[in-house]
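Undergrad: Output the structure for:
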Amino acid sequence: MGDHNIQLAAVVLAAGMSSRMGRPKMTLPWGDTTVIGQVIRTIKAADIDPIIVVTGAASGAVTEALLGFEIQFVDNPAYQTGEMLSSIQAGLAALAPGIQAAMIFLGDQPQVQPGVIRAICEDYASSQKEVVIPSYQRRRGHPLLIDRALWPAILALQHPATLRDFINSHPHRIAYTPVQTDSILHDLDTPEDYRAARSEKV
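TA: Numbers count the residues shown, from 1 in each chain. All right, here's what the predicted structure looks like:
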C-alpha cells in the first residue's frame, strides 16, 4: 500500500454455490496453488492486510485450501438466498473500526494483478471519491473499493437490492481507474471459463 496513512482491508467473496462449474471452483488448481489461493497471493503482493474471506457453500474446502495464509474467515449463513450482497455485508460487518475502506474481491478471479490493485488504491487516495472501480474499455470490473462512509447504507440494503444498484444511484461518488487488462472483467463460472483462463496463464 503506497499510502500507509490509509487503512485498507480486503473482503474476498468465496461463498458461492459454483452451480455452473459443477464443483467448488475456488479450490480448483491454479499453478502451484488454487484459484482462491492465487487471489490471496495477489492481495498480499499488493500489501493489503487484513484479508477477510467470506465462506458459504464450500466453506470446508475453501478453508482447507487456504491453510497457512494469514487471513480471517467469516461465514455467510445466507449464501443460498442472499446473493453477493449478503456476502459483502458479512465481510464489511466483520472489519475492525480503524479500517477506512474495503476492497471487494471475487474469490474466482485469479487473473487480477497486483498493479491493478495498487492503481485503485492510488486513485482512492487522490480522488477523494468513496467508490473506486476499475474499468477496461469503459466496462466496469472487480475488485472495487468502498469507503467506510458508505458501509452503513450497504449494510442496510435488503434483497432484492444489489450493490450494483446502490453504486449506480451514487454516480457522483465514483472514481474510475482505467486499466490496460481485461482480467478485471473475468471470473470463472463454467468449466470453459476455467480452461480458457488456465491456457492463457501458461
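
Undergrad: so where's the chain shaky on pLDDT?
TA: Within the chain, the segments meeting pLDDT under 70 span 1-5, 82, 201-202.

Undergrad: quick one, helices of it?
TA: For the chain, applying DSSP state H gives helices covering 35-45, 59-65, 83-93, 114-127, 151-155, 163-168, 191-201.

Undergrad: Distance to Gln7 and mean neighbour count added to those helices, as a markdown table?
TA: (Each C-beta comes from the backbone N, C-alpha and C, glycine too.) Written out in a markdown table, the entries for the helices of the chain read as follows (distance: least, Cβ to Cβ, whole Å; neighbours: other Cβ atoms under 10 Å):
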| stretch | distance to Gln7 | mean neighbour count |
| --- | --- | --- |
| helix 35-45 | 15 | 22 |
| helix 59-65 | 26 | 17 |
| helix 83-93 | 14 | 21 |
| helix 114-127 | 12 | 18 |
| helix 151-155 | 13 | 14 |
| helix 163-168 | 21 | 15 |
| helix 191-201 | 32 | 13 |
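
Undergrad: and of these, who's closest to Arg138?
TA: helix 163-168 (14.9 Å; Cβ to Cβ).

Undergrad: Distance from the chain centre to that closest one, please.
TA: 15 Å (Cα atoms, centre = their mean, to the nearest Å).

Undergrad: Send over it as PDB, restricted to the C-alpha atoms.
TA: Extracted C-alpha coordinates of helix 163-168, given in PDB (Å, rounded to 0.1, in the frame of the first residue of the first chain):
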ATOM      1  CA  LEU A 163     -24.600  -3.400  -4.600                       C
ATOM      2  CA  ARG A 164     -24.600  -2.500  -8.300                       C
ATOM      3  CA  ASP A 165     -27.900  -0.700  -7.900                       C
ATOM      4  CA  PHE A 166     -26.700   1.100  -4.900                       C
ATOM      5  CA  ILE A 167     -23.500   2.200  -6.600                       C
ATOM      6  CA  ASN A 168     -25.400   3.300  -9.700                       C
END
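
Undergrad: From Ile184, how far off is the residue most central in space within the chain?
TA: Against the mean C-alpha coordinate of the chain, by Cα atoms, centre = their mean, the closest residue is Phe105 at 0.8 Å. To Ile184, Phe105 is 11 Å away according to Cβ to Cβ, to the nearest Å.

Undergrad: which neighbours do these two share?
TA: With contacts defined as Cβ atoms under 8 Å, 6 or more residues apart in numbering, the residues shared by Phe105 and Ile184 are 112, 142-143.

Undergrad: could those residues go into CSV alongside neighbour count and distance to Ala175?
TA: Listed next are these as CSV, based on neighbours: other Cβ atoms under 10 Å; distance: Cβ to Cβ, whole Å:
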residue, neighbour count, distance to Ala175
Val112, 25, 18
His142, 19, 15
Pro143, 27, 14
